[in-house]
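Trainee: Coordinates for the following, if possible.
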Amino acid sequence: MSLISKIFNSLSYKWIKMRYAKKKFKHNLAIAAIFKNEASNLFEWLSFHTGVGVTHFYLYNNNSNDNYLEILSPWIENGQVTLIDWPKGHQRGAYTHCIRQVRSQCRWIAFIDLDEFLYSPSDPSLCDALKDYEGSTAVFVYWVLFGSSKHDKPPKGYVLENYTHCLFGEEAEQDQFDHHFDGKIENYVTGWAKDGKSIVDPRKVCIMNPHRPKTVYTGKILDENMKHPLTRSKMASLSFRRLRINHYWAKSTQELTQKIQKGSIANPRKPQQNLSRWKEREKGLNKTENLDIQPLWDKIKKEYNL
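Mentor: Next comes the predicted model:
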């Protein structure tokens, strides 16, 4: 970053800090997400995150043509969801737009996808867990990657109950899958074991990437142990003591195929990927059954009569 950029960011943050110094925020914790044809997942995802303390959702619709509006209408009417049409596609643009539009309304904003479920293994409410990180610019949350649990087609019922097998523990720490196979972009596969998403203070962040802030006005990006997150690195050490994301990366084989064909919202110009490589990756995500999220989900279902 150039000296001029550093001076500009410093002055910008001082102005933002003075403006919001005594601000009482409307939402302690919100989530921003961009989606395309995710109607079947919306109700469960919204219900779960409401149950763990999220009070508002900023949802960016990228040219969906399913019945998403039918699902979202009750949530919009009761003030829990703000729906923004975002035909441009780019994830970074949507997230940066959100940061700039709602920094006066939210103490924290998490940026995740609709196949990701954010929670605290140690606290019933995410807001309680985040009290330990007051003053932080961004808290990076590592994810656990879940596979198909050998479902060829989407089973009836909830994602959280149907997909229980994942890459976890020592196997995730030692994951050696080659995401850049032979250097050809059509053979590149996402699904890094040592990765995750961020919960940010929107007054300290200027530009968002899908996984973490790209540019901050002040401060550092830290993980739950107050250390710099070394994602996609052999040096990274996964930690899920206070915060965790269950990333249902594949779901059924049919849904994985549709996911690849739909393309990337993060990069709409990305070429068609090699399906066999994605399926190869998925096989490695079914090694361990993990039910850590189930007691919390059962409690939420009971509380909300789901």
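Trainee: how about the strands of the stretch 1-150 of the chain, start to end?
Mentor: Taking DSSP state E, counting those that start in this stretch as the test, the strands found in the stretch 1-150 of the chain are 27-35, 56-61, 81-85, 106-111, 116-119, 138-146.
Trainee: Below-threshold pLDDT in the stretch 201-306 of the chain: ranges please.
Mentor: 263-272 (pLDDT under 70).
Trainee: again, only using 80
Mentor: 215, 217-218, 232-235, 261-273 (pLDDT under 80).
Trainee: now the strands for it?
Mentor: Along the stretch 201-306 of the chain, counting by DSSP E, counting those that start in this stretch, strands occupy 205-208, 213-216, 221-223, 244-247, 288-289.
Trainee: In space, what's closest to the residue most central in space within the chain - neighbours in sequence excluded?
Mentor: Centroid-nearest residue in the chain, with C-alpha atoms, centre = their mean: Ile112, separated by 1.9 Å. Excluding the flanking residues, the one nearest Ile112 by C-beta to C-beta, 6 or more residues apart in numbering is Lys197, at 4.9 Å. For every residue, glycine as well, the C-beta is placed using N, CA and C.
Trainee: Surely the one you found is within a strand?
Mentor: Yes. The assignment for Lys197 is a strand, going by DSSP: H, G, I helix; E, B strand; the rest coil.
Trainee: who are the neighbours in contact with it?
Mentor: 110-113, 116, 118, 140-141, 143, 210-212, 245 (C-beta atoms under 8 Å, 6 or more residues apart in numbering).
Trainee: can you do 6 Å?
Mentor: Shown in contact with Lys197 (C-beta atoms under 6 Å, 6 or more residues apart in numbering): Phe111, Ile112, Val141, His211.
Trainee: ok, how many other residues are close to the last one?
Mentor: So the one you mean is His211. His211 has 21 neighbours, counted by other C-beta atoms under 10 Å.
Trainee: Torsion angles phi and psi at it?
Mentor: Note on His211: its backbone torsions stand at phi -100, psi -30 [degrees, to the nearest 10].
Trainee: Could you pull up the contacting residues of Pro155?
Mentor: Asn162.
Trainee: so which helix or strand takes in it?
Mentor: Element membership for Pro155, per DSSP states H and E: none, as it lies in no helix or strand.
Trainee: From Asn162, how far out is it?
Mentor: In this view, Pro155 and Asn162 are 5 Å apart by C-beta to C-beta, to the nearest Å.
Trainee: Name all residues that make contact with Leu285.
Mentor: Leu145, Gly147, Leu167.
Trainee: Pipe those residues into JSON lines and attach distance to Pro124 per row.
Mentor: Formatted as JSON lines, the contacts of Leu285 follow (distance: C-beta to C-beta, whole Å):
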{"residue": "Leu145", "distance to Pro124": "25"}
{"residue": "Gly147", "distance to Pro124": "28"}
{"residue": "Leu167", "distance to Pro124": "26"}
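Trainee: By neighbour count, which of these wins?
Mentor: Gly147 (27 neighbours).
Trainee: returning to what we had before: which strand residues bridge the residue nearest to Ile112?
Mentor: Val141 (DSSP bridges).
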